[in-house]
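Q: my questions are about this predicted structure, shown below with the sequence.
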Amino acid sequence: MAVDINVLAIVHNETEERFEAKLDSELAVVEYQRQGNTLFFTHTEVPVAFRGQGIAEKLAQHALDYARTHNLTVVPHCSFVAAYIRRHRAYQSLLQTRSYT
C-alpha cells in the first residue's frame, strides 16, 4: 500500500511513550522509555504492507527532532534508530555519552 510520506501525520503519544503514524487501521511506531532528560529508543515497527516506503525513517527523524527541540539526549537501544543516527550525523550530538547497564 502506497503512502505519501510528505504528508504522513506523526503523533507523539506520551502516554504510550511512542511516536506513531496511523496507516489505515494499523500503526507504525518508534517506541521509547523516558528517564529524566533522556529518551531510550527501544523499538521501531512498520506493518509489513507499508515497509520500504521510508515510514520508519520519517518516524525516526520526527522522534530525534523532538529530542533536539526539547533538549533531550537519546540512547538508541533500537538497532533501526542507531543505524539512522549513524547515517545522519547531525543527530549524533544528541547521543547520551554516559554508559548504562
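A: Everything's here; your move.

Q: going by C-alpha atoms from here, please, whenever you check contacts or count neighbours.
A: Fine.

Q: list the contacts of the residue nearest the centre of the chain.
A: Central residue of the chain (CA atoms, centre = their mean): Ala60, 3.2 Å from the mean position. By CA atoms under 8 Å, 6 or more residues apart in numbering, the residues touching Ala60 are 30, 81, 84.

Q: for the longest strand seen in the chain, which outside residues touch it?
A: When the chain is parsed with DSSP state E, its longest strand is strand 26-35. For strand 26-35, the surrounding residues in contact (CA under 8 Å, 6+ apart) are 17-22, 39-47, 55-56, 59-60, 63.

Q: hang on, the earlier thing: wait, is the residue nearest to the centre of the chain part of a strand?
A: No. Using DSSP: H, G, I helix; E, B strand; the rest coil, the assignment for Ala60 is helix, not a strand.

Q: strands along the chain, start to end?
A: Under DSSP E, the chain gives strands at 10-13, 18-23, 26-35, 38-45, 73-76.

Q: how about those in TSV, adding mean pLDDT?
A: What follows is the strands of the chain, written out as TSV (pLDDT from 0 to 100):
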stretch	mean pLDDT
strand 10-13	98
strand 18-23	97
strand 26-35	98
strand 38-45	98
strand 73-76	97
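
Q: of all those, which one comes closest to Thr97?
A: strand 73-76 (8.6 Å; CA to CA).

Q: pull the CA atoms of the closest one into CSV?
A: What follows is strand 73-76, C-alpha atoms only, in CSV (Å, rounded to 0.1, in the frame of the first residue of the first chain):
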residue,chain,number,x,y,z
THR,A,73,19.6,13.2,25.0
VAL,A,74,19.0,9.8,23.3
VAL,A,75,20.2,6.2,23.8
PRO,A,76,19.3,4.1,20.7
